[in-house]
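**Student:** below is the sequence, then the predicted model.
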Amino acid sequence: MASGNEDNTAAADPKVTVFVCANCARGAVVASATPRPTEAPKFDWPFTIEQVMVPCTGIVQPEHLLKAVEAGADLVCVIGCDPDNCHRFEGCRRAARRVEYVGQLLEDLGLEAGRVMWLSLPGSASQDLAAGAGIGQADPCEGLGEKVRLVRDQVVERLSSLVPNPLRQGPGLAGKRIDCYQEVD
Amino acid sequence: MTVSNKLAEALQAGRKVVTAECRASGASNGEAADKLAGALPASLDAVVVADNPDEVRGCALATAAILAGRGLNVVMTMTTRDRNRVALEGDVIGAASLGVGGVLCVSGDHQSLGICPAAASAYDMDSIQLTQAIRRMVDRAEGFDGRRMNSAPKLLLGATAQPYLQPTELNMLRLRKKIASGAQFLLTQAVFDVAGFQQWLSAVTAAGLDKQVKILASVLPLTSADQARRMQAHGTYGPVSEEVVSRIAGAPDARAEGAAICADMAGHPHLVRRMRGSCGAGHSAGRTWPGVVAGGCMPEKYHIKTAPMPPRFHRIGKFATVDWREDCSRCTNCVKLRCTYNVYDSSMAHDRNPQAPRRGLFECKGCMSCVQGCTKGLLSLSVNPEYLAMGDEYWRPEIITTTWDQAETGRIPVSGAGYRGRFSSPGFDSIWTDMSEIVRPTRDGIHGREYISTAVDIGPKPMRLEFSPDGEMLTPEASLIVAQLPVMLDVPQWSMGPSSQPLSAARAAAAVALETLAVVPAGELAKIPPEQMYAVVPLLDSAAPGAAGNLPAGVRMVEVADEDGAAETLKAVAAARPDVTLCVRMALADHSAERVLTWSQAGVKVFHVCADLHGCEVGPARPRHIKDAVRSLHVRLVEAGVRDEITVIVGGGIALAEHVAKAIICGADVVSADTALLVALGCGVCGGGGHGQADASWGRGCPVVIDESATAYAAGRMVNLMGAWHSQLIEVLGAMGIREMRRLRGETGRAIFREDMEREAFGDLIRK
């Protein structure tokens, strides 16, 4: 029963779900290069999080964000590419709008709009395109570590301003904490 | 001796034996049989009932039963030409129950030589196999398929001998086989040329065969000069001299003259009166009947049993709706109506699993139904980047996913809407196999795929047999290992750490199921069950020579890396276990051919040549692919005149079933699969070397990290993959019109090489 914490922030025993775009923080890759890196950016989280690599944040639907909140996440982050540098052109913009939309829904429900969060990293679409065409371009990895750290700090900071997700011990669940990601049905 | 009847006793006692051969009466009423029975005196030791040798006269079994009912001792001839093993087995049991005393096993003249050229030939077994099978039935009460029988039939077993078959060495080999398979007496073809017969008999005596079996010489009363002429022309009889023919032709009564000739023959010291007589050659020593050769008498048809084996980690699909657009009207057309595979069900609805958005990436089959079904045109499928990130240029994502599918289902992969891709690229993709002879299994019957053999031989293959002047065979008996699948299961290309042992166990188990061989490092033999050892090829380490002299029982072949000390290791193995086939393992390189020739002179005849992960030579700055390197190795060995003695196993870079066929076309006898077996377990060839870093970041875990409990799973996946490959190989062979994998080796005429095509088409333009 970790959620019965007395201090009023979620930071003590945080439940965080992060959807990360696989392309948001890596260097340019020629299509035929081997091996092709698919590693997630090294966030070095100070606590355990549920990190889900997605090929593009455009795949994340409002339902997914809401389900994560419903399952008890204190904070749901979507980390995608900078606008104009998404491999799917509009994927990251859609994701950002969906986060905003879900935030509004949560606000209406009284669950705090800040419980969902959009963050961006440089992305690599134009670099990949340039590398594929054989045109040199500035390495997007420059200063990447700093940017990744900044993202992490923002998440940690946001978490400290949030109260624990009340759904973790909601009335509908009869006072029992459910396993965060237990399959229902 | 289990049989007691007149003939058996006479043979046992070494007495003079008199038998007569008769045919079925050709009439369908009982009188003819009575007449026949009346013509045969009761004093005969046996009556041999022929089985429609050159024309259809009736049923040998029925005639034999009728004669047996009259108190005659009957030996029934069984021809394997007309009946398959089911019919033969049934007739054997039936004959024994009807009182027939013995069976004469013959293959029979081919039906195209006379009896009925339009008839289908059975030839399910030959006479030697039939002898062996009936011997097992009589001695051990085992059916032809090995099942236990309630009681064993009591039958005397005979076979035929052809004294005039040349060369004598082969003739003796065949006799030895017949004796070893359990024949108690041999009946010769009719003798007209006594000198030739004596010559044969002395060879038989020199080989000591006359002491192992009773030989009955036959004489035949000719009835006309025409018959004599026919027999002269007929290949299956011995020489009928011109003297005999003219004697018959000149005689007023041909039948009487034929009988007189018979009597003359029979009056010869070696032949006795009557139509069949014992020659015996004075040997009367009783001897126990030769034992039965151990081992199965008939292999079953080769079949790989596959069973669906779902992966331990989710697969990675090629297509997915990676990006969802807004403005969905929630019509559920895509989700409920259109998606055939329920992909959306798992990825979207009712699921709090945070991995849910990724599920569609695993399951989507790319049918595009949802895209078509969306009323607002919101959906588009794109290629899953995770899919593109798998493997490398050689182990392309499509190869990896198709291997996964084959390992899961054990079936030929369905690629869908045809092949749009590049029609040639480097490596195996620049070979096109000849697929002009389309063989359709259902339509083409016995010419169809179920009669195509993928078996290959591994071991030294002497080009000729050598004999000493006194007829002893000097060439050591060939101990060929027959692998039913031309694919050996090889050790992985990189170190697998603690998973290595369970993987070896899985390979061994799979090799047993597949009837092929699995290479296992010597250090990992301990945990492999002894009954699987016959499918295991220990990979010996010359640095640790202890294992060489201490091989587990049952091992049939060993591999030793071509390095310092290999010769000593092989010598130690040969000294301890002379029956074990020796194989030298070496990296594929430009000097491979010379190494093979050197080792070949030292007596090693099997070589395992391993290319790298990408099927290229190891070492040179500009490595050639297997396609070129093995071709040149093959040609070099042909030039040196040793190709057919040597077995070349080619490994590395074999990723698809077609690569097996193509490597064999290039000159390999057998190929070995290594990385493909890991891919069968779900490996994405991430380059993590068993640590699976790349895979882990996608939340899959490394699929090839397995423990003992997953051995059966791993073996099942390997068997499935090989089952799918086997089916494809049969398709390839069928499409080439080739019935045997052995014939494909070096058959470059069955393939088109892009380089050759380009040279032919554009050579003149390129030439300076």
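**Tutor:** Noted; the coordinates are in hand.

**Student:** in chain A, which spans are strands?
**Tutor:** Counting by DSSP state E, chain A has strands at residues A:16-21, A:50-54, A:75-81, A:116-121.

**Student:** packing partners for the second one?
**Tutor:** Counting contacts by 3 or more Cβ pairs under 8 Å, 6 or more residues apart in numbering or on different chains; DSSP states H and E, strand A:50-54 is packed against strand A:16-21, helix B:356-363. In short, each C-beta sits where N, CA and C put it, glycine included.

**Student:** need phi/psi at the residue lying farthest from the centre of chain A.
**Tutor:** Outermost residue of chain A with respect to the C-alpha centroid, by Cα atoms, centre = their mean, is A:Gly134; its distance is 32.1 Å. As for A:Gly134, its main-chain torsions (degrees, to the nearest 10) stand at phi 80, psi 20.

**Student:** do the same with B:Cys583
**Tutor:** Per degrees, to the nearest 10, the backbone of B:Cys583 is at phi -140, psi 130.

**Student:** what's the neighbour count on the nearest residue to it once chain neighbours are set aside?
**Tutor:** Spatial nearest neighbour of B:Cys583, excluding adjacent residues (Cβ to Cβ, 6 or more residues apart in numbering or on different chains): B:Val606 at 4.0 Å. As a burial measure, B:Val606 scores 26 neighbours (other Cβ atoms under 10 Å in any protein chain shown).

**Student:** quickly list what B:Val606 is bridged to.
**Tutor:** When bridges are called by DSSP bridges, B:Val606 pairs up with B:Cys583, B:Thr647.

**Student:** run through the stretch 651-768 of chain B and note the low-pLDDT ranges.
**Tutor:** Residues of the stretch 651-768 of chain B meeting the criterion pLDDT under 70: B:687-700, B:766-768.

**Student:** I misspoke; the intended subject was chain A.
**Tutor:** Where chain A drops to pLDDT under 70, the residues are A:1-11, A:27-40, A:136-141, A:169-185.

**Student:** rerun at 80
**Tutor:** Along chain A, the parts satisfying pLDDT under 80 run over A:1-13, A:25-41, A:128-143, A:168-185.

**Student:** which parts of it are helices?
**Tutor:** A:62-70, A:91-109, A:125-133, A:144-160 (DSSP state H).

**Student:** do the third one and chain B come into contact?
**Tutor:** Read it as helix A:125-133. No - applying Cβ under 8 Å from any Cβ of the partner chain, one finds helix A:125-133 separated from chain B by no less than 10.4 Å.

**Student:** cool, and the last one?
**Tutor:** No - applying Cβ under 8 Å from any Cβ, one finds that helix A:144-160 is not in contact with chain B, the shortest distance being 14.9 Å.

**Student:** any idea of the angle that helix forms with strand A:75-81?
**Tutor:** Per axes from the mean of the first three to the mean of the last three Cα atoms, to 10 degrees, the angle that helix A:144-160 makes with strand A:75-81 is 160 degrees.

**Student:** same check on the longest one?
**Tutor:** Interaxial angle of helix A:91-109 relative to strand A:75-81 (the same axes, to 10 degrees): 160 degrees.

**Student:** for helix A:91-109, packing partners?
**Tutor:** In this structure, helix A:91-109 packs against helix A:62-70, strand A:75-81, strand A:116-121, with contacts taken as 3+ Cβ pairs under 8 Å, 6+ apart.

**Student:** let's have the ones you listed in TSV, adding mean neighbour count and distance to B:Ile128.
**Tutor:** Formatted as TSV, the helices and strands packed on helix A:91-109 follow (neighbours: other Cβ atoms under 10 Å in any protein chain shown; distance: least, Cβ to Cβ, whole Å):
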stretch	mean neighbour count	distance to B:Ile128
helix A:62-70	22	71
strand A:75-81	27	75
strand A:116-121	22	76
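
**Student:** possible to save the ones you listed as JSON lines with distance to chain B?
**Tutor:** What follows is the helices and strands packed on helix A:91-109, written out as JSON lines (distance: least, Cβ to the nearest Cβ, whole Å):
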{"stretch": "helix A:62-70", "distance to chain B": "5"}
{"stretch": "strand A:75-81", "distance to chain B": "9"}
{"stretch": "strand A:116-121", "distance to chain B": "13"}
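
**Student:** residue 146: neighbour count?
**Tutor:** This is for chain A. 9.

**Student:** actually chain B
**Tutor:** Quick note: B:Gly146 (other Cβ under 10 Å) scores 13 neighbours.

**Student:** so how far is B:Ala483 from it?
**Tutor:** Using Cβ to Cβ, to the nearest Å, B:Gly146 is found at 22 Å from B:Ala483.

**Student:** rewinding a little: out of the helices and strands packed on helix A:91-109, nearest to B:Asp139?
**Tutor:** Evaluated with Cβ to Cβ, the helices and strands packed on helix A:91-109 place helix A:62-70 nearest to B:Asp139, the distance being 72.6 Å.

**Student:** so what secondary structure elements neighbour that closest one?
**Tutor:** Counting contacts by 3+ Cβ pairs under 8 Å, 6+ apart, helix A:62-70 packs against strand A:75-81, helix A:91-109, helix B:356-363.

**Student:** tell me which of the ones you listed is the most buried.
**Tutor:** strand A:75-81 (a mean of 27; mean count of other Cβ atoms under 10 Å in any protein chain shown).

**Student:** and that strand, which strands flank it?
**Tutor:** If you go by DSSP bridges, strand A:75-81 pairs up with strand A:16-21 (parallel), strand A:116-121 (parallel).

**Student:** so how far is the strand or helix carrying B:Thr131 off the chain centroid?
**Tutor:** Using DSSP states H and E, B:Thr131 sits within helix B:127-140. Going by Cα atoms, centre = their mean, to the nearest Å, the spacing between the C-alpha centre of helix B:127-140 and its chain's C-alpha centre is 21 Å.
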